[in-house]
Every structure is written in C-alpha cells, then in structure tokens.
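Participant: Quick check, what structure comes out for this input:
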Amino acid sequence: MNHFGGGGSGTNRIGVEIGGTFTDLVWSGPDGRLHTGKTPSTPDAIHEAVLAVIAEAGMPLSEVAGITHGSTVATNALIMRKGASAGLLTTAGFRDVVIVGRGDRDHGIYDMQYRRPAPPIRRSMIREVSERIGPDGEVIVPLDLAAAWREVEAFLAQGVEGIAISLIHAYRNPAHEKALAEMIRERAPQIAVSASHEVSPEFREYERTVTTVVNAFVGPVVESYINRLDAGLRADDYRGVLKIMQSNGGAMPAEAAGANAVRMLLSGPAAGVRAAMWFAERNGIKDAITLDMGGTSTDVAIAPGLIPSTVPELKIDGLPVRTASVDMATIGAGGGSIAAIDPGGFLAVGPESAGALPGPVCYGRGGTRPTVTDAQVIAGLLQPQQFFGGKMELSSAAAEAALAPLDRDGNARCAADAVLRLVNSNMAAAVRLVSTGRGIDPRDFTLIAYGGGGPLHAAMVADELGVFRVLVPWSPGLVSAFGLLIADTLIDVVQSDLHRLAETSLCAAHCADLRVRGCDLAKAHGVGESSHEVEIGLDMRYAGQAFELTIWTEGRATSKEELRRLFEDEHRARYGYARSGLDVEVVSYRIRVTARSDARISTPLPTGTGGVPEQVPISIDGNDLVAHALCRDSLGVGGKVSGPAILSEPTSTTVVPPGWEAQCLATGDLVLRRIS
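Facilitator: Residues are numbered from 1 along each chain as shown. This is a model prediction of the structure:
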C-alpha cells in the first residue's frame, strides 16, 4: 500500500485545516470511523492552533500514520504582502516586465479609481544579467556567470531570503536558468531559489515572471511555517507522513511545499470541493454546485458529472499566478465579513473581515464592527446557546448594539435582515458566475452547502437561483478537513511547445516520452510504480486566439482529427461555437500523475433522539416567523422536518425556510427540498 493514501483501513490518519476563524480536524481511526475537533485559529502563531486541535483530539501522535494539512499561509502572505525579502534576476533589458504588466483591466476601462496590481517586489530588487535566448531556444548572448554572481552578491548584501530567476524564453531552453540556479544553490545554500523553468515553464513573460516571483516571495514563509509545524509534531513523537493540500485538489509531500508554494494558494477551498464530490457521489448526485461559507469568504465551484472545473491560472489580489487549480469564484461573504455603510450611503458587506481576532462583536473578544454572524444572531437563525456545540455562547445584546447604527431608525432587526439579504444575493451572483455565466442552468444541479455558514444560507440562495435541492453533508463545518483526509496525491507539470496541430502532436513516441516523464515524477515524489495513473493534457486554441483550453486524454496516442474534435467539442461547450475552417494550435503539454486515496471511511449516523423541538422566533426576508429549533442529531434516518426550522450541530447550523423540507438520508446527510 503506498503511503500517500488518504486514510487506509487499519491506520490512524488526520486531516487538519486552518480557516479564517477556526482550525478544524477530522481523524479517521483504524476502523474508518471518524472523530472531530475544532478550535479557534491563532493568527499570530498559526501552527499552534494545528498542534492544539490535534492534542485536543486525544490521539497519541506516535499512533498516527499520516497527516494532511490545508493552510492559508501562502495566500495570506501574498495578499498582506508579508512574504520574504526576495529579489529577481532577469535578462538584460527586461527589468520592468513585472512592473509594466499587461494593458488589460479587471474592472473596466472607465474605472477612474483603478490601480494596477502591485507586484510583490520593488523595482530596486530586480537585477539584470547578461544573456539572451531566442524563441527557438538558440543562444543569442551567452550567460556571463561572473557578472551574474556580482548581482547575486548585491542581493545578499540587501539581506534577501529568496531569489527568483526568470529569463527570456527559458521555457524553450532553460540552460541559462539552470546554470544560475546551480551557482546560487552551491555558493549561497541558505537562499531559496525559484527558477521559472521549475515553477512555471510556460510562455507569456509577464505571467511566468509573476508566478516565479510570487513563489520566491511566499516560499520561505511557507517553508518556515511547515518546519515549525513539523518540529512540533516530531516533538510529540509523530513519525508519519506530513502532506500539504494543493490548489488542484490533491496533496503533495510537505518537504516540497516551500519550493512549490504557489501550488497551495487555494489549499483549504480545494479540499472542500474534493470532499463535496465524495458526499455527492455517495448520495447518488450527478451534477453539483458547491457553496462553502467560512469565516472570511464564500467559495463557489461547479462540477458537472462530479468533475470540478479546473483552470491553469489564478488571480490572487489581481496578480496572475500560473498554477493548476480548482475553478472557483470567491466573494468576501463569510461569518466575519464586516457590514458598513459605504461613502455613497449604501449598505456593503465585506470583503474586510473581523477574522478570528477580534472576531464578530457577539463573540465578546473586543470586536466593535458588525458582521454577518452578528446579523445571523439578531435574525434568530444562529442560536446563541447552541453555537460551537455550546462551548461558546454569543451575546445577542452586543450584536444588537453593533447592528443598530446601520439602520436609519436604529432598528437592529431591520439592519440584520438587510445584511442577510445582501449576503444571499451576493452568493447567488457567485453561483451564476460559474453556471449561467457559462451557459449552464443551475436548476439542474444540487447545491452542496458546507462550511460554518453554508447550510444556514443555502436554501435561501437556492430560492434566488430556482434550485430545488440542497445537500448538507455530515458535519458541514468540517468538510474541508474531511477533504484532506480523503485527498488523492496529484502532481501537475506543464511544458510550453507552441506549434500547429499535427499528426505528431500526440503520436505514440511522443506519448510514450510524456508517460515516462510522468512516471519519473511519481517516483521522485515517492509514489509506487503500480499505484498511480498518468493523464496527458494539451492546451489548444484556434490560431490567433489569445487564450487556450486544456484537452485531457487518457495518456494514449491520439490522432490529429481526434484531438481537433475534442478541442472543438470543448470550445463549443464553453463558448457556444466552433470554427472548422480555422487552424488549431497546440500551446503546451500537461502531465498529471494521480495516486488515488485508499480511504475507507464511514461517517456516524444520527441517533434520532434529541428531545422536543423548541419554538423560537426568527426573521427571514423581513418576515417574523416561529421556527422549530432542534438538534440535527435528533433527526434520524428517514426523519423529516418542514420549514421554518433550525437544525443545530457543533460545527454549523442548517436553516430550513418556509416552503422547504429537510430529510435525513440513509447516509446520515441531509437533503433540503423545495416543496412549494
């Protein structure tokens, strides 16, 4: 059995994920049964919350075979510009590639307040080296290593922790980058080196250089964090494998995290999507849209046929980062998102968040600005005594005092209603972005709601979308941690090779070479020869197009005609048309190595006992109602409850609005159906 499995039978394995407010844990015992843990995150010392939640689980680390971890460390370092001191070496004459960027704007050409995304590096930290390679890979100007070392020495004098190397056309011929990287690693081994041919070997100089710089900027921070976490685990006698979740929905060895920091920018959300597909499959759902509402944001993804869409590029704080990722829309609508009146006199929610500290006002930890969680409390949708399994009682009075100023009449209940309506509308807009915005009707899909706040808002969001069914998985507030437990190992690599589509584009010989490279990658990552699959993808486009689509094959030789057909089918599905008279180009090749999880997991079924439902006042869409409030565990298999109802559990709250019905399925998961 390969040790990269996701929680095999007969072993103890742990998935632990850091969120904006809480750090979550799911532990699988030798029998596959699950145990859970949850603790407030510690922003000032992130690894401490991970160690704390593992300690609270009560499982001796000496008996744990593997831990998979999801973290926002890389993302936070980039967004807050709190990464390492980094320098960039580039070809003479191209110093300003990352400064000038591209001429397009994300927010429209008429935005008078537009500010170009700032690169995570100052111009003074960019130095040129004498060399030049042409687009065909031929050396035009030889590399002057002696002069290049003088530039490196200048960086060392400035105290850099990481150096990015991005030379022109290195994707075609990386010889000069390899020589530079080897020199720095030999003479200055304390410096983290990020070379573009290793991080992002693709054409488009701006995107390739930005990705490499971002890796150099956040890599040392990630490596330092992983080292502290690993040291803490080893001090408690942990001897197993530590893995880190990637943005593509798969895990990688922790020792590779620093060199591949850009691959973990969407670590936690990707784990949630992986878990959502697992829950959907076991309940016979074919097409899904995920709604993951946490403490800081809400993430939405679409998965026709339970295959999540993926993209080759992320936009983080406006910067293009070329790394394979689950395709998600993210909005600033989490439990800690701050509600305020903007300069125009309109209500706005997010993207600023109260986070874990000080947190929402109702937490009583020093927060003074009203949040979505405060609005949920005032609307009665979040029961103060039941929050966090009763371990943390919320203050309704504090929430009311914070929300009242948002309403012109000082009515906190009206303000809370307005905040929740706006949040629901924003979530529905995010779902439309990944569905109707791409020609997909969301009414044919099931909305899978998780995260601490997803089940609370899901049915109301579904009403806005015309969606008829919502699935609420087991322990929804821990779904991302659960996804870590069952994650496959995924290794993604890409190589640019721009040419017109030909019969040799994926001929038997070429295909065999790519498969050998995939097997070599698997071996380098410790994956056994018989325990992985290799897929080959081609980035293709019509000649003259600026962007391409990835077409995945089964790793076998494929004819020119078949490749064109696959490309045009995808083009038609994505854009609504195909052009048979245009030439097609291959831009890049992708190799994906997958080692499937060997997880054998069973989630506990509800007991079906929990006392008499309590009648509580709530407010939904401005209507004052009386709802049945009960513990989710009291709804046994087959049990139903009609809305309005509130189902509480330690990690989340599910709201069943009027006109909806909740039923406990045979798996223990909940399905909400619109009945009127």
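Participant: what bits of the stretch 501-650 of the chain have low per-residue confidence?
Facilitator: Residue ranges of the stretch 501-650 of the chain with pLDDT under 70: 526, 528-530, 599, 610.
Participant: how about the strands of it, start to end?
Facilitator: 533-542, 549-553, 584-595, 614-620, 623-631, 640-642, 645-649 (DSSP state E, counting those that start in this stretch).
Participant: now the angle from the last one to strand 614-620?
Facilitator: Put plainly, it is strand 645-649. Strand 645-649 and strand 614-620 meet at an angle of 110 degrees, taking axes from the mean of the first three to the mean of the last three Cα atoms, to 10 degrees as the criterion.
Participant: Start the count at 28 instead of 1 going forward.
Facilitator: Understood, numbering begins at 28; the last thing we discussed is strand 672-676.
Participant: Would you check the distance separating strand 672-676 from the middle of the chain?
Facilitator: Remark: strand 672-676 is offset 28 Å from the chain centroid, using Cα atoms, centre = their mean, to the nearest Å.
Participant: mind listing what that strand pairs with, with the direction of each?
Facilitator: Sheet pairing of strand 672-676 (DSSP bridges) gives strand 650-658 (parallel), strand 679-683 (antiparallel).
Participant: for the longest one, same thing?
Facilitator: Partner strands for strand 611-622, per DSSP bridges, with pairing direction: strand 516-527 (antiparallel), strand 560-569 (antiparallel).
Participant: To P87, which of these lies closest?
Facilitator: strand 516-527 (25.6 Å; Cβ to Cβ). All C-beta atoms are positioned from the backbone trio N, CA, C, and that covers glycine.
Participant: how far off strand 679-683 does whichever strand or helix holds I316 point, in degrees?
Facilitator: Assigned by DSSP states H and E, I316 falls within strand 315-320. Relative orientation of strand 315-320 and strand 679-683, computed by the same axes, to 10 degrees: 120 degrees.
Participant: The next helix or strand after strand 315-320 - contacts with which helices or strands?
Facilitator: Downstream of strand 315-320, the next assigned helix or strand under DSSP H and E is strand 325-330. When contacts are defined as 3 or more Cβ pairs under 8 Å, 6 or more residues apart in numbering; DSSP states H and E, strand 325-330 sits against helix 294-309, strand 315-320, strand 356-358, helix 439-461.
Participant: May I see the buried residues of the last one?
Facilitator: Of all the residues in helix 439-461, those buried under the rule 16 or more other Cβ atoms under 10 Å are 439-451, 453-459, 461.
Participant: what's the closest of the strands paired with strand 672-676 to S221?
Facilitator: Per Cβ to Cβ, nearest to S221 of the strands paired with strand 672-676: strand 679-683, 38.9 Å.
Participant: For the strand holding I316, which strands pair with it and how are they oriented?
Facilitator: In the sheet, strand 315-320 lines up with strand 325-330 (antiparallel), strand 473-477 (parallel) (DSSP bridges).
Participant: Comparing those, which comes out most buried?
Facilitator: Greatest average neighbour count among those goes to strand 473-477 (a mean of 28), per mean count of other Cβ atoms under 10 Å.
Participant: From the contact counts, what lies against whatever helix or strand comes next after that one?
Facilitator: Using DSSP H and E, the helix or strand that follows strand 473-477 in sequence is helix 481-492. Where contact means 3+ Cβ pairs under 8 Å, 6+ apart, helix 481-492 is packed against strand 315-320, helix 439-461, strand 473-477, strand 496-499, strand 679-683, strand 697-701.
Participant: Output the fifth one as PDB, restricted to C-alpha atoms.
Facilitator: Coordinates of the C-alpha atoms in strand 679-683 are reproduced here as PDB (Å, rounded to 0.1, in the frame of the first residue of the first chain):
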ATOM      1  CA  SER A 679     -22.800  24.500  11.700                       C
ATOM      2  CA  THR A 680     -26.500  25.400  11.600                       C
ATOM      3  CA  THR A 681     -28.900  24.400   8.900                       C
ATOM      4  CA  VAL A 682     -31.900  26.800   8.200                       C
ATOM      5  CA  VAL A 683     -35.000  25.300   6.600                       C
END
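Participant: Relative to A206, which of the strands of the stretch 528-677 of the chain is closest?
Facilitator: Comparing the strands of the stretch 528-677 of the chain under Cβ to Cβ, the one sitting nearest is strand 611-622, at 24.1 Å.
Participant: Taking strand 576-580 as reference, get the angle to that closest one.
Facilitator: 50 degrees.
Participant: which parts of strand 611-622 are buried?
Facilitator: Result for strand 611-622 [16+ other Cβ under 10 Å]: buried residues V611, E612, V613, V614, S615, Y616, R617, I618, R619, V620, T621, A622.
Participant: Please identify the helix or strand for S251.
Facilitator: Going by DSSP H and E, S251 is part of helix 232-262.
Participant: Can you report how many residues lie near S703?
Facilitator: Look at S703: counted by other Cβ atoms under 10 Å, it has 8 neighbours.
Participant: mind giving me the domain split of the chain?
Facilitator: 39-104+250-291, 110-245, 516-622, 641-701 (automatic domain parsing).
Participant: now the ones you listed in JSON lines, with distance to L474?
Facilitator: Formatted as JSON lines, these follow (distance: least, Cβ to Cβ, whole Å):
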{"stretch": "domain 39-104+250-291", "distance to L474": "19"}
{"stretch": "domain 110-245", "distance to L474": "27"}
{"stretch": "domain 516-622", "distance to L474": "22"}
{"stretch": "domain 641-701", "distance to L474": "9"}
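Participant: Comparing these, which comes out most buried?
Facilitator: domain 39-104+250-291 (a mean of 21).
Participant: Start and end of that domain, how far apart?
Facilitator: 24 Å (Cα to Cα, to the nearest Å).
Participant: re earlier: what's the closest of the strands paired with strand 672-676 to T337?
Facilitator: strand 679-683 (27.3 Å).
Participant: Distance from the chain centre to that closest one, please.
Facilitator: With Cα atoms, centre = their mean, you get 24 Å for strand 679-683.
Participant: quick check: angle from the next helix or strand after that strand to strand 672-676?
Facilitator: Once strand 679-683 ends, the next helix or strand along the chain (criterion: DSSP H and E) is strand 687-691. Relative orientation of strand 687-691 and strand 672-676, computed by the same axes, to 10 degrees: 40 degrees.
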